[in-house]
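A.B. asks: For reference, the sequence and a predicted model appear below.
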Number of protein chains: 2
Amino acid sequence: MAGGGTMMLGIDIGGTKVSVGRVGRDGRVLGETLTRPSKARDSAEVVDIICAAVHKELAQGGADVAGVGLGCAGTIDHAGGVVVTSPNLPLKNAPLRERLQERLGLPVTIENDANAAAVAEHRVGAAVGMQHVVLITLGTGIGGALILDGKLYRGAHGAAGEIGHTVVEADGETCKCGRRGCWEQYASGTGLARVVFRTVGLFERGAFSGEAVGALARENFAAAHVALAEVADWLGLGIVNIVNIFDPEMVVVGGGLGNLGELLLGPAREMLKEALPPGRDQTRVVSAALGADAGLIGAALLAWDEFGVKGKREVAE
Amino acid sequence: MAGGGTMMLGIDIGGTKVSVGRVGRDGRVLGETLTRPSKARDSAEVVDIICAAVHKELAQGGADVAGVGLGCAGTIDHAGGVVVTSPNLPLKNAPLRERLQERLGLPVTIENDANAAAVAEHRVGAAVGMQHVVLITLGTGIGGALILDGKLYRGAHGAAGEIGHTVVEADGETCKCGRRGCWEQYASGTGLARVVFRTVGLFERGAFSGEAVGALARENFAAAHVALAEVADWLGLGIVNIVNIFDPEMVVVGGGLGNLGELLLGPAREMLKEALPPGRDQTRVVSAALGADAGLIGAALLAWDEFGVKGKREVAE
């Protein structure tokens, strides 16, 4: 069944939306990507939503599709094709690969969404040619993924890269993971919202998006600068931690808040320079290049790896 | 010159002492190891001290030595044989491999001391058969080393694994690295001394060794238990961070303070169980098996890798 087509479908599913796009072997998205809501009550509904999106995308001219790569938030057993746990989808030990293969009649591969995004940034994005890359995605929380010695590093059980859940402030803010003081409580959209609420005080908590604060900062609204500076400090602190742990060539910063670019990365780089001794400050800190499509592109590239050569893996294996 | 002998010399040099031992291909130490002071004013003196220790060891019956593996604290350019920086030895961009090869007439390989210890624990110690291992050594500070996908991970510039210098308490205790709140200020001998000083209050700061506190705890001296519990909390916090970052099969705890064993590891394991969701708490936390010899054994094993097959690398290359 595998291998005949000239493109792969890349899918990126999160708690609120699913995106689908056709991706060539070179990582380019062909035509437009499709984005739909993904709110589901159980795993059967998740499968329905994905299949509906795929059929819609295929109807738009994707007949020549050889396989599917799915990026999904959570702990993924990539080899087994199982979503072990997911923070925002009703999936627990869900054999999603098998279910989707049955329904779609196409070979499917599954990967953690941040891992998929890292593969994309490494092969066709901001980190081309690098061997040691840490990707962080700043959204509501902080996702992380690792390219080590040129390869995606998944850890022993597919759960490596949860850098957002390293404690940087013992007894700090309560995190949804149950611990206190996780980095993602400070250097994320959640962190920014909290800082804005405290420093500006004019708006209800959570009323401000990162985008809005960025726009205000660009218009030299002083309080927005103050709020961003505080979040940038936390971002820098965590990036210095990453450099001490991994000694990477590059840290790639993506996600919604990452779109603020130099407003956050500039101060973070300054902190890196100050915190590390000369000669240890060689790690580059850059913005992600592929934006919101990184996850589906990376998932499709992983599908190219597995299904790009005809017969390399059959659905029925 | 390389390859003829039936043993390698393993050396472990730190700020206060240097240890030398003869090591077989199976990682066993042959005969006794030699330990001497290593206080040096400059790099030439470091070379002198190492050569004197080697000659003394060779005189004890090590004529059949094929090469030398040196474990050294600091950032090491393993491929170039250069000590880039060292926290406690007067070495800066020091071409130690070349200097030692000239003086000793033997091929030499250099590695970070914690990395060397991790290689030893992985091949012949506590982590045999594991593919994903994080080693932490609890001494005055905290050292770290990474075995990822079955191989030593050095990072882009030989500086990976400095887990002791991840900030776990923003604006916390000042660290000698210049930052504040580094993990090694809390879950190390330094941290224990501080806690003992604060909770017991009877003795001068630093008067208590980890060993002494451990002995008091074993005799059910309540304050010692309280102090160890606090340090164990910090240890557990950092190990949960490690599990979130690396998702390893095993965390191996060595170093002087690590010798306290279950007094520290028991509570740390409990914390791991509480902090991670079921299914994510599969990482084993164990004591190092090789004690103070781990560094020299690992350095020698790396020498075996490089010089064990005759002619694999010659001094003059």
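C.D. replies: Happy to help now that I have it.
A.B. asks: which stretches of the stretch 101-250 of chain A form helices?
C.D. replies: Remark: helices assigned in the stretch 101-250 of chain A by DSSP state H, counting those that start in this stretch are A:113-124, A:189-199, A:210-218, A:222-246.
A.B. asks: Can you say which of the ones you listed is nearest to chain B?
C.D. replies: When those are compared for distance to chain B using Cβ to the nearest Cβ, the nearest one is helix A:222-246, at 4.1 Å. Using the backbone N, CA and C atoms, a C-beta is placed for each residue, glycine as well.
A.B. asks: What residues of the closest one count as buried?
C.D. replies: Across helix A:222-246, burial judged by 16 or more other Cβ atoms under 10 Å in any protein chain shown covers A:223-225, A:227-228, A:230-246.
A.B. asks: what does stretch A:90-98 give?
C.D. replies: Those would be A:91, A:94-97, for stretch A:90-98 by 16+ other Cβ under 10 Å.
A.B. asks: about what we covered before: can you redo the helices of the stretch 101-250 of chain A as JSON lines, where the extra columns are distance to residue A:306 and mean pLDDT?
C.D. replies: Converted to JSON lines, the helices of the stretch 101-250 of chain A look like this (distance: least, Cβ to Cβ, whole Å; pLDDT from 0 to 100):
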{"stretch": "helix A:113-124", "distance to residue A:306": "12", "mean pLDDT": "98"}
{"stretch": "helix A:189-199", "distance to residue A:306": "34", "mean pLDDT": "84"}
{"stretch": "helix A:210-218", "distance to residue A:306": "35", "mean pLDDT": "76"}
{"stretch": "helix A:222-246", "distance to residue A:306": "27", "mean pLDDT": "92"}
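A.B. asks: related to what we said a few turns ago, can you redo the buried residues of stretch A:90-98 as JSON lines with distance to residue B:294 and pLDDT?
C.D. replies: Putting the buried residues of stretch A:90-98 into JSON lines (distance: Cβ to Cβ, whole Å; pLDDT from 0 to 100) gives the following:
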{"residue": "A:91", "distance to residue B:294": "42", "pLDDT": "95"}
{"residue": "A:94", "distance to residue B:294": "42", "pLDDT": "96"}
{"residue": "A:95", "distance to residue B:294": "42", "pLDDT": "97"}
{"residue": "A:96", "distance to residue B:294": "43", "pLDDT": "97"}
{"residue": "A:97", "distance to residue B:294": "42", "pLDDT": "98"}
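A.B. asks: Can you add distance to residue A:30 and give those residues back as TSV?
C.D. replies: Below are the buried residues of stretch A:90-98 laid out as TSV (distance: Cβ to Cβ, whole Å):
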residue	distance to residue A:30
A:91	29
A:94	29
A:95	29
A:96	24
A:97	24
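A.B. asks: May I ask which two of these are separated the most?
C.D. replies: A:91 and A:97 (11.9 Å; Cβ to Cβ).
A.B. asks: And for the residue of the stretch 1-150 of chain A found nearest chain B, the neighbour number?
C.D. replies: As assessed by Cβ to the nearest Cβ, chain B sits closest to residue A:132 within the stretch 1-150 of chain A, at 4.3 Å. Residues within reach of residue A:132, counting by other Cβ atoms under 10 Å in any protein chain shown, total 22.
A.B. asks: wait, it sits on residue A:249?
C.D. replies: Yes - using Cβ atoms under 8 Å, residue A:132 is in contact with residue A:249, at 4.8 Å.
A.B. asks: Which neighbours do those two have in common?
C.D. replies: Residues touching both residue A:132 and residue A:249 (Cβ atoms under 8 Å, 6 or more residues apart in numbering or on different chains) are residue B:156.
A.B. asks: Flag the shaky bits of the stretch 201-317 of chain A, pLDDT-wise.
C.D. replies: Low-confidence segments of the stretch 201-317 of chain A, defined by pLDDT under 70, span residues A:201-208, A:310-317.
A.B. asks: Residues of it that sit close to chain B?
C.D. replies: Proximity of the stretch 201-317 of chain A to chain B (Cβ under 8 Å from any Cβ of the partner chain) is limited to residues A:234, A:237, A:240-241, A:244-249, A:275, A:277, A:279-280, A:282-283.
A.B. asks: from those residues, which single one is nearest residue B:288?
C.D. replies: Looking at these and their distance to residue B:288, the nearest is residue A:245, at 19.9 Å (Cβ to Cβ).
A.B. asks: which residues touch that closest one?
C.D. replies: By Cβ under 8 Å, 6+ apart, residue A:245 lies in contact with B:144, B:160-163, B:166, B:245.
A.B. asks: Dump the helices of the stretch 101-250 of chain A into CSV; add distance to residue A:45 as well.
C.D. replies: Output for those, formatted as CSV (distance: least, Cβ to Cβ, whole Å):
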stretch, distance to residue A:45
helix A:113-124, 19
helix A:189-199, 27
helix A:210-218, 30
helix A:222-246, 35
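A.B. asks: Those helices: which one's closest to residue B:254?
C.D. replies: Among the helices of the stretch 101-250 of chain A, the nearest to residue B:254 by Cβ to Cβ is helix A:222-246 (18.2 Å).
A.B. asks: Is residue A:136 in contact with residue A:248, as I believe?
C.D. replies: No - Residue A:136 is not in contact with residue A:248 according to Cβ under 8 Å; the separation is 11.0 Å.
A.B. asks: Out of the buried residues of stretch A:90-98, name the ones that lie in helices.
C.D. replies: A:96-97 (DSSP state H).
A.B. asks: between residue A:136 and residue A:248, what contacts are shared?
C.D. replies: Contact criterion Cβ under 8 Å, 6+ apart; residues shared by residue A:136 and residue A:248: residue A:242.
A.B. asks: Closest to the mean position in chain A, which residue would that be?
C.D. replies: Taking Cα atoms, centre = their mean, the centroid of chain A lies closest to residue A:114, which sits 3.2 Å from it.
A.B. asks: What confidence value was assigned to the spatially closest residue to that residue that is not a sequence neighbour?
C.D. replies: Spatial nearest neighbour of residue A:114, chain neighbours left out: residue A:143 (3.8 Å); criterion: Cβ to Cβ, 6 or more residues apart in numbering or on different chains. Here, the pLDDT recorded for residue A:143 equals 93.
A.B. asks: What about residue A:143, how many residues nearby?
C.D. replies: Applying other Cβ under 10 Å, we find 25 residues neighbouring residue A:143.
A.B. asks: Report the beta-bridge partners for it.
C.D. replies: residue A:137 (DSSP bridges).
A.B. asks: I figured it hits residue A:115, correct?
C.D. replies: No - counting by Cβ under 8 Å, residue A:143 does not reach residue A:115; the two are 9.1 Å apart.
A.B. asks: Need the overlap of contacts for these two.
C.D. replies: With contacts defined as Cβ under 8 Å, 6+ apart, the residues shared by residue A:143 and residue A:115 are residue A:161.
A.B. asks: ok, residue A:292 to residue A:258 distance?
C.D. replies: Counting by Cβ to Cβ, to the nearest Å, the separation of residue A:292 from residue A:258 is 11 Å.
A.B. asks: what does residue A:168 give?
C.D. replies: Using Cβ to Cβ, we find residue A:168 at a distance of 18 Å from residue A:258.
A.B. asks: For stretch A:71-82, buried residues please.
C.D. replies: For stretch A:71-82, the neighbour count (16+ other Cβ under 10 Å) marks A:71-78, A:81-82 as buried.
A.B. asks: ok, of those, which one's closest to residue B:9?
C.D. replies: Nearest to residue B:9 out of these is residue A:78 (Cβ to Cβ; 43.1 Å).
A.B. asks: for the record, mean pLDDT for whichever helix or strand residue A:56 is part of?
C.D. replies: Using DSSP states H and E, residue A:56 falls within helix A:43-59. For helix A:43-59, mean pLDDT rounds to 94.
A.B. asks: buried ones in it?
C.D. replies: A:43, A:46-47, A:49-50, A:53-54, A:57-58.
A.B. asks: Whichever residue of the stretch 51-200 of chain A sits closest to chain B: neighbour count?
C.D. replies: Closest to chain B within the stretch 51-200 of chain A is residue A:155: 2.7 Å, counting by Cβ to the nearest Cβ. Residue A:155 sits with 23 neighbouring residues when counted by other Cβ under 10 Å.
A.B. asks: what's the nearest residue to it once chain neighbours are set aside in contact with, if anything?
C.D. replies: Leaving aside its sequence neighbours, residue A:155 sits nearest to residue B:247 (Cβ to Cβ, 6+ apart; 2.7 Å). With contact set as Cβ under 8 Å, 6+ apart, residue B:247 has these partners: A:154-162, B:132, B:283.
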